[in-house]
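Trainee: The following block contains a protein sequence and its predicted model.
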Amino acid sequence: MFKKILASLALIALVSGCAGIRDDMAEPSRYEDINFTNQTPIKLKVSKIDIISEFVPSFKRPNVEHLLPISIEKTARTWAEQRLDAVDFGSNKVAKFIIKDASVTEENIKIDDMFKADRIKYNARLVVTIQIADPENFSIAETTIEAWRELTIPANTDIDEKERYWNTMVRKLFTEFNTSMERNIHQYLNMYVAESTHIQEFN
């Protein structure tokens, strides 16, 4: 029977604020995909890394992730492709990068003040598990990160301005995800990280 090593679940709760720089002449294509090529890849002692998405968008409100100029799910895949590197091709160990949630929902908030506009609250959520199976030792190790951000803006915000807010929200989400996932990998999956000197005790 497989032993299962469950690493801690990290929660990131941050509130998004300001929008990007205004440029009325720009088109939505100005939002470039997020890349992590300036970061050092994390070398895993596995033969391959499978990227799996269990998230199925509904394309129906309150879910609005499909409206964002930068996809959370696509960016999570990019993170795995650019930040994780399989370096032990003679091994039978396999890593799985599993996207469990990459949603954004909206909530209309009524304001009981005739001089103030109603608000819209956006909740972005990213849940990812990295799992490493070691058949030779009959073990599975994994770590999970749950990152989320909240954004509240006036309901009468125009679409260009909304996209700027959404863009900022997603970029800040991945700044935190990148830092937290790298920390978790070195702490909880250290035995599978090449050249790692950190030793984690499990109770």
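Mentor: Perfect, thanks for sending it.
Trainee: which ones are touching the spatially most central residue of the chain?
Mentor: For the chain, the residue nearest the mean C-alpha position is residue 126 (4.5 Å; Cα atoms, centre = their mean). Under the criterion of Cβ atoms under 8 Å, 6 or more residues apart in numbering, the contact list for residue 126 reads 72, 76, 99, 101-102, 145-148, 173, 177. Quick note: C-beta positions are derived from backbone N, CA and C, even for glycine.
Trainee: Name the residues of stretch 132-151 that come out as buried.
Mentor: Along stretch 132-151, these residues count as buried under the neighbour rule (16 or more other Cβ atoms under 10 Å): 132-134, 140-149, 151.
Trainee: A helix includes residue 124, no?
Mentor: No: with DSSP: H, G, I helix; E, B strand; the rest coil as the criterion, residue 124 is assigned strand and is not in a helix.
Trainee: and it, what are its bridge partners?
Mentor: Bridge pairing for residue 124 (DSSP bridges) gives the partners residue 104, residue 149.
Trainee: Pull out the buried residues from whichever helix in the chain runs longest.
Mentor: For the chain, the longest helix by residue count, based on DSSP state H, is helix 159-188. Neighbour-count burial for helix 159-188, with 16+ other Cβ under 10 Å as criterion, is recorded at 162-170, 172-174, 176-178, 180-182, 184-188.
Trainee: what is the rounded mean pLDDT of that helix?
Mentor: The average pLDDT for helix 159-188 rounds to 96.
Trainee: That one - contacts with which helices or strands?
Mentor: Helices and strands in packing contact with helix 159-188 are listed as strand 3-15, strand 42-44, helix 72-83, strand 119-134, strand 139-154; criterion 3 or more Cβ pairs under 8 Å, 6 or more residues apart in numbering; DSSP states H and E.
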